[in-house]
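Trainee: got a predicted structure plus its sequence, pasted below:
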Amino acid sequence: MKGLILVGGYGTRLRPLTLSIPKPLVEFANKPMILHQIKALADVGCTEIVLAVNYKPEVMVGTLKQYEKQYGVHITFSVEDEPLGTAGPLKLAEDVLKKDDSPIFVLNSDVICEYPLKELLDFHLSHGGEATIAATKVDEPSKYGVIVYDRDVPNRIDRFVEKPVEFVGNRINAGIYVLNPSVLDLIEMRPTSIESETFPLLVEKKQLFSYDLPGYWMDVGQPKDFLVGMCLYLTGLSKKQPELLTKADYVYGGNVLVDPTAKIGKNCKIGPNVVIGPNVVVGDGVRIQRSTILKNSEIKDHAWVKSTIVGWNSTVGKWARLEGVTVLGEDVNVKDEIYINGGKVLPHKSIKNNVETPQIIM
Amino acid sequence: MTTTKAIVMVGGGSRGTRFRPLALDQAKILFPIAGKPLLAHTVDSILEIDSIKEIILIGFYEPSVFTEFISEFDARMRYSKRRCSMRYLKEFKALGTAGGLYYFRNEIMEGSPDSFLVIHGDIVCSFPLQKMVEFYDQKAKDNKGKKLDAVLMGVKLQNYDLFLALNDRDQSSFGTIISDEKTGKVVHYVEKPETKMSETINGGIYLFNDKLFHRLSHAKITKITTATENAEFVDEDVISMEEDILENLPEFRLTYVYPYTGFWTAVKTPSDAMYANELYLNELYNKQRDTKSLTPSAPLHHRTPTVDQIVLEKPSSHIIPPVYIHPTSKIDESMGTKIGPYVSIGAGSVVGAGTRISNSIILDKSVIGPNSLVTNSIVSYRCKVGSWTRVEGTGINIKNAKQAQNGPSKPEEQRETRVIGIKDSGNISILGSGTSVSDDAYILNSFILPNKSIKHDMRYEIIM
């Protein structure tokens, strides 16, 4: 089987982190974001994986070579000369995707969920339609494109309503699809959208079905949602693979994922919902909640960190306090006793004064 | 000539509103600064003049406010065999900065002192009282025994513009003194000047003699006779030292200014109290460093016979001087606790492990939990601050103050970021007595009135 991951552009929404490395390589729960998807595709039996990208950074090529071996998959880059939208990349990679008759998985790279691709595939094969969309339930459907179901055939999609004013349903497109290769014939070789152009054609043909995604779902393309997604992911982990979470004395409230190479000091109180990356050094008496600390960073004694992403090789000083979706880019140095609320700090900066209100530190 | 009396104008509870919320706990004049009440700093300096035999406190507080202070004073005098008495005289109503002096003229002149000191109770400085007395005697001699009108302590400001920047002109009144450079004779006095006429301001400490009462009585009469509009509202009992007396003194050509160049401030607001804490701790530190009393072998007396002897902490891995910690307070020094500079901690308080405190006053019986941070803040009596809690005031730094006054600063000034005292509310945090703050909470530039329980972050708020 084959999978295509829509990676897209520069990941500007996840800056300042993506100023240092491409978004797919930013670690989410200690694994590059794209690896969550590659692993899910490999697990369901995909051997051909296409990454649809606007540009191809060398650093990604190298990293992915390594994953090819690790997961026994073949990864190709499909590089768009101009942005082709969400459907164009499928057409561009037609040669690979049409190699055989097996269904094609399409994943959006910013999405984090449990990836029940096996169940999704089984469902797809059972209804016999040409395409299946994974759907997720949302609290405020009025902000999204909502799926409206056929009255007679369960799970068959009747239409989409973009940002509905009246309640028509609470399921939205989760950005995960299974397509029969025949769907590619509906796509023209030009910038085009799978959601607004291809799917309506399938609806007309009564060939588009929807699968209710169990568990959590989150688009983690920006820092605020990255942290929400992290909480959901860790909660999911606590149910399915609790052995991966730390049970050390310093854990408070659970859901704490710590790389084995990280060092944690005395009298710390960490959690709930914390990810600590490789070679991170956490000093004594440190309090961390709802945060990701990326690799090689140091959190010094008595610091207090909440709702924050600490970028690689950064240092947080003693008695510093970070909160309010603060994001430290790579190699940022926060001096002792400094307070940062919602600061987005660009790489290689040194912070010597308090940042009381959310702002970008150039 | 001998100066045998000192009068301290202590103010009153109905004034002091600018000292809230701390004024809700106790009289401003008794607020502990660098380990002892503000008033004790003044009184202990007065006691250094051997000729002083009586200290009179004049104010508008209830007498009970000073009962304990005076009985402790009396006990100390008995113990040290120093002959000096103290009493409190309560004004029948608030009489202004000088009305009380006239009202209690008989008490002041009892025993016919040649001269007497008058000190505003909220003044913080190194009190060069003995030198002022000598200066007075010298000037009297220079005038061939003619009775002087007064000697005023004039504070020569090192940086007038910075002083203005730190002291809001609308809020704090100060007078400037213009004097003859050679003789020190005061030629002009202006209260609340709008232009810069002199870098010498009125320090709130004076030496007077019985001539003062003629001036006061004259001021009362003037008030009544010159009242034209709304004459029925003129209260001749209320007399302002600055406007009714000092502005008129120079014309009699027998008023002198004693030049003082040391530290000086007046405690009006809680921020001023923190600045005063810094100044007094600095003074103590410099004295004790010179006399080597900070060495471990020095006896740790809390109280020596004549004055409250405050012994500062010696510098160490967890103390950045100057720091005063009452001997009965418990500091957990493990886990990298770091205290100072400019910290005073009162009796029976507890500071947890790994806690950082700087530029703050912690009063008696308060608890600061582990891994917390307290900076530019006042934590009143019996507060409970949790773990990983942050109580913070932003303070104001010299750089910003200068910029506000002078426009953009020069590059070398840019680096000057140390917080020096604080201008007004909005720059410090205050926890009123009995406040409790939950773990992980953050208090930034907020005032919490007494006995509140704070469970959430507070930024720029006043909690009733």
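Mentor: Yes, it's here. Numbering: from 1, shown residues only, chains lettered A, B, ... in the order given.

Trainee: state the pLDDT value of the nearest residue to residue A:41 once chain neighbours are set aside.
Mentor: Excluding its sequence neighbours, the residue lying closest to residue A:41 (C-beta to C-beta, 6 or more residues apart in numbering or on different chains) is residue A:3, at 3.9 Å. Quick note: C-beta positions are derived from backbone N, CA and C, even for glycine. We have a pLDDT of 92 for residue A:3.

Trainee: and the gap between residue A:3 and chain B?
Mentor: Going from residue A:3 to chain B by C-beta to the nearest C-beta, to the nearest Å gives 43 Å.

Trainee: that residue contacts residue A:107, doesn't it?
Mentor: Yes - if you go by C-beta atoms under 8 Å, residue A:3 and residue A:107 touch, sitting 6.6 Å apart.

Trainee: which regions of chain A lie under the pLDDT threshold?
Mentor: Applying pLDDT under 70 to chain A picks out residues A:56.

Trainee: repeat that with 80
Mentor: For chain A, the stretches flagged by pLDDT under 80 are A:8-11, A:55-59, A:81-83, A:90-91, A:143, A:145, A:152-153, A:162.

Trainee: what about the helices in it?
Mentor: For chain A, the helices defined by DSSP state H occupy A:33-44, A:58-71, A:88-92, A:94-97, A:117-127, A:199-204, A:223-240.

Trainee: for the stretch 351-464 of chain B, same thing?
Mentor: In the stretch 351-464 of chain B, the helices defined using DSSP state H, counting those that start in this stretch lie at B:398-406, B:411-414.

Trainee: quick one: mean pLDDT over the first one.
Mentor: In this model, helix B:398-406 carries a mean pLDDT of 53.

Trainee: and if you look at the last one?
Mentor: Averaging pLDDT along helix B:411-414 gives 41.

Trainee: how about the residues of the stretch 251-400 of chain B near chain A?
Mentor: Proximity of the stretch 251-400 of chain B to chain A (C-beta under 8 Å from any C-beta of the partner chain) is limited to residues B:335-336, B:338, B:353-356, B:358, B:370-371, B:373, B:375, B:387-388, B:390, B:392, B:394.

Trainee: mind doing that once more with 6 Å?
Mentor: Residues of the stretch 251-400 of chain B found near chain A (C-beta under 6 Å from any C-beta of the partner chain) are B:335-336, B:354, B:356, B:371, B:373, B:388, B:390.

Trainee: tell me which residues in the top strand by length along chain A are buried?
Mentor: With secondary structure taken from DSSP state E, chain A has its longest strand at strand A:171-179. Across strand A:171-179, burial judged by 16 or more other C-beta atoms under 10 Å in any protein chain shown covers A:171-179.

Trainee: what do you get for stretch B:250-264?
Mentor: Using 16+ other C-beta under 10 Å as the test for burial, stretch B:250-264 gives B:250, B:254-260, B:263-264.

Trainee: using CSV, write out every CA atom in it.
Mentor: C-alpha atoms of stretch B:250-264 as CSV (Å, rounded to 0.1, in the frame of the first residue of the first chain):
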residue,chain,number,x,y,z
PRO,B,250,14.4,84.2,55.7
GLU,B,251,13.3,87.9,55.9
PHE,B,252,14.4,88.0,59.5
ARG,B,253,17.9,87.1,58.4
LEU,B,254,18.7,84.7,61.2
THR,B,255,17.9,81.4,59.6
TYR,B,256,20.7,79.1,58.6
VAL,B,257,20.9,75.9,56.5
TYR,B,258,23.0,73.1,57.7
PRO,B,259,24.3,71.4,54.5
TYR,B,260,23.7,67.6,54.4
THR,B,261,24.9,65.5,51.6
GLY,B,262,24.1,62.0,52.7
PHE,B,263,21.1,59.7,51.9
TRP,B,264,17.7,61.1,52.4
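
Trainee: show the average pLDDT along it.
Mentor: Rounded mean pLDDT across stretch B:250-264 is 90.

Trainee: I would like the residues contacting it, please.
Mentor: Identification of contacts with stretch B:250-264 by C-beta atoms under 6 Å, 6 or more residues apart in numbering or on different chains yields B:125-126, B:128, B:132, B:135, B:139, B:148-156, B:177, B:179, B:184-189, B:203, B:249, B:279.

Trainee: returning to what we had before: among the residues of the stretch 251-400 of chain B next to chain A, who's most crowded?
Mentor: The most crowded member of these, judged by other C-beta atoms under 10 Å in any protein chain shown, is residue B:371 (33 neighbours).

Trainee: show the backbone phi and psi for that one.
Mentor: Residue B:371 has phi and psi values of phi 60, psi 20 when expressed as degrees, to the nearest 10.

Trainee: I figured it hits residue B:386, correct?
Mentor: No - with contact taken as C-beta atoms under 6 Å, residue B:371 and residue B:386 are classed as non-touching, separated by 9.7 Å.

Trainee: right, so the helices of chain A: which one is the most enclosed?
Mentor: By mean neighbour count, with neighbours taken as mean count of other C-beta atoms under 10 Å in any protein chain shown, helix A:88-92 ranks first of the helices of chain A at a mean of 24.

Trainee: distance of the residue of the stretch 251-362 of chain A at minimum distance from chain B relative to residue B:240?
Mentor: Here the residue of the stretch 251-362 of chain A nearest chain B is residue A:285; by C-beta to the nearest C-beta that distance is 3.8 Å. Note on residue A:285: its distance to residue B:240, by C-beta to C-beta, to the nearest Å, is 54 Å.

Trainee: those two - which one has more neighbours?
Mentor: Comparing residue A:285 with residue B:240 by other C-beta under 10 Å, the one with more neighbours is residue A:285, at 30 against 18.

Trainee: can you give me the domain boundaries for the chain?
Mentor: The chain I'm using is chain A. Domain assignment of chain A by the TED database yields the ranges A:2-219, A:223-360.

Trainee: um, chain B though
Mentor: Recorded structural domains for chain B (assignment: automatic domain parsing) are B:3-268, B:271-463.

Trainee: tally of neighbours for residue B:17?
Mentor: Number of residues near residue B:17 (other C-beta under 10 Å) recorded here: 9.

Trainee: then residue B:85?
Mentor: Look at residue B:85: counted by other C-beta under 10 Å, it has 12 neighbours.

Trainee: and it, bridged to which residues?
Mentor: Listed beta-bridge partners, residue B:85: residue B:54 (assigned using DSSP bridges).

Trainee: what residues are up against residue B:65?
Mentor: Residues counted as contacts of residue B:65 (C-beta under 6 Å, 6+ apart) are residue B:27.
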